[in-house]
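>>> Compute the structure for the input listed below.
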Amino acid sequence: MSRDALYACAKQLEDRAEEIVEVLGAETGLLEGRLRAELERTTGQLRLLGDHGAAGWRRESPGIVTVPVPVGTIAVFAASNFPLAFGILGGDTASAVAAGCPVIVKAHPAQPRTSELLALIGSETLPDFEVVYGGPDASLSLVRDPRIKAVGFTGSLAGGRALMDAAAARPDPIPVYAEMSSLNPVFVLSNYDGDVAALAASVTNSSGQLCTKPGLVITASAEFAASLANAVADSTTHRMLTPAMAAAHAAWQTEAESLGEVVAGKGEPTPFSVIAHEWHPSFGEEHFGPSVVIYLGDELPEWEGSLTATILAGADDSAEARALLPALMAKAGRIVWNSVPTGVAVVAAMQHGGPWPATSAPWSTSVGPASIERFRRPVALQGVPSEIWSPAGDLNP
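Numbering: from 1, shown residues only. Have a look, this model is predicted:
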């Protein structure tokens, strides 16, 4: 069963934890504590999805029963910023296996040693599992492969769009569940008086390479803006995942210096904030790395779809928050209240998705048990005796 395979995969990851942390740390630059926490998240995710996939579901009306069936082989693209939780053995692979689907994973080219190690574990534990390697041409070839019936992707907007275009151009177009670019704005309301430390940490932890990193903070308080900027500048960073990402972060700092007041710290990559009173289109774009835009303008800026939006409110801000909430719900998949957006729990109620360009399918989630449904489709059996379609009365994998 898929459940047993996912449990076996989780056990292998735990048994080889020391080797995994050593290899991933050397190749990615991510710190040991972060990798151990991500490994624990990944093994828990494998078991959770295995359990939910095995439980299955059905909808019944008089004379009709609807059951889920696997859609077919899934192409999964491993992410670089979460090499375990969103990598070769991450959530997309786990949800596809839990749905009963074969999986072909495209390894991330920046992490060859990580990919080789995780591919070996997957091949030893998961059924119908394969890993392929290469660059953009290999990615497009995989999406065009007639065996593939759906795609799971976490990465850049340009990469996700290229896969979507290739999938749509097939003789039989297939869905692409892509998580791409997200600004994750934070709205600081009038009476908020909380500490900035947690917010600064959510900007700079993992050197700002998290999909839910807040890239924009909107506040009317110059004092709050200065305090947050100083806390970001005082943060410690580590090397970024690739030289290209580091170069893009440095280029963004250079551009930001012409757009507002930059408060920068020390280190490579440099943690910095840009404080601005006038809006610029670049402020509405995702910038990977330990940086944040702090906007002090008089009017709310236009921003695109995001995975999250955060409200930081004081005791007397209920009316302001109530007026703001509908606009945030129209633009984000998750609203965070008086906390930071970088904690995405793997639980049934979690929604990790959002309107374009955060994702290509805002009605779906890539985290939690509901992620399995991306790779199953419902079939209604009308008047078909249960002993005909399954001796056990169930079609779940």
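>>> Now the residue nearest to R16 when sequence neighbours are not counted: which helix or strand?
When the adjacent residues along the chain are set aside, R16 lies closest to I121, with 6.9 Å between them (Cβ to Cβ, 6 or more residues apart in numbering). To be clear about C-beta, it is placed using only N, CA and C from the backbone, and glycine gets the same treatment. Taking DSSP states H and E as the criterion, I121 maps to helix 112-125.
>>> Assign a three-state SS to the closest residue in space to G135 that isn't next to it in sequence, would you?
Take G135 and drop its neighbours on the chain: the residue closest to it by Cβ to Cβ, 6+ apart is P109, 5.9 Å away. Under DSSP: H, G, I helix; E, B strand; the rest coil, the three-state class of P109 is coil.
>>> related to what we said a few turns ago, my guess is the residue nearest to R16 contacts L13. True?
Yes - contact status for I121 versus L13: in contact at 6.4 Å, counting by Cβ atoms under 8 Å.
>>> okay, and the common contacts of the two?
Common contacts of I121 and L13, defined by Cβ atoms under 8 Å, 6 or more residues apart in numbering, comprise L89.
>>> thinking again about what came up before, and the residue nearest to R16, how many neighbours does it have?
The burial count assigned to I121 is 21, neighbours taken as other Cβ atoms under 10 Å.
>>> what's near enough to touch it?
Going by Cβ under 8 Å, 6+ apart, I121 touches C9, Q12, L13, R16, L89.
>>> Would you mind measuring from the third one to A251?
Looking back up the chat, that one is L13. Using Cβ to Cβ, to the nearest Å, L13 is found at 36 Å from A251.
>>> more crowded one of these two?
Neighbour totals were compared for L13 and A251, and L13 leads with 21 against 11 (other Cβ under 10 Å).
>>> And the pLDDT at the more buried one?
On the pLDDT scale, L13 is placed at 98.
>>> can you tell me which residues contact it?
For L13, counting by Cβ under 8 Å, 6+ apart, the contacting residues are I20, L39, T42, T43, L46, L84, L89, I121.
>>> Which secondary structure state is assigned to it?
helix.
>>> and the end-to-end length of stretch 66-83?
36 Å (Cα to Cα, to the nearest Å).
>>> Now find how far off-centre it is within its chain.
Stretch 66-83 sits 14 Å away from the centroid of its parent chain (Cα atoms, centre = their mean, to the nearest Å).
>>> Buried residues of it, list them for me.
Going by neighbour count (16 or more other Cβ atoms under 10 Å), the buried part of stretch 66-83 is 67-68, 70-83.
>>> Likewise for stretch 364-378?
Of the residues in stretch 364-378, those buried by neighbour count under the rule 16+ other Cβ under 10 Å are 364-376.
>>> List the neighbours of it that are in contact with it.
Applying Cβ under 8 Å, 6+ apart, the set of residues contacting stretch 364-378 from outside is 48-49, 52-53, 59, 66-71, 74, 86, 91-92, 95-96, 98-101, 150, 152, 154, 175, 177, 179, 333, 344, 346-353, 359, 361.
>>> and if you look at stretch 340-349?
The set of residues that contact stretch 340-349 without belonging to it, under Cβ under 8 Å, 6+ apart, is 41, 44-45, 48, 91, 184, 186, 198-199, 201-202, 205, 210, 212-214, 307-310, 334, 350, 352, 367-370.
>>> Could you report the distance from G194 to F375?
Here the criterion is Cβ to Cβ. By it, G194 lies 40 Å from F375.
>>> on that earlier part again, of the contacts of stretch 340-349, buried ones?
Applying a neighbour-count criterion of 16+ other Cβ under 10 Å, the buried members of the contacts of stretch 340-349 are 41, 45, 48, 91, 184, 186, 199, 202, 205, 210, 212-214, 307-310, 334, 350, 352, 367-370.
>>> any idea which element I335 lies in?
Of the helices and strands defined by DSSP H and E, I335 is found in strand 332-337.
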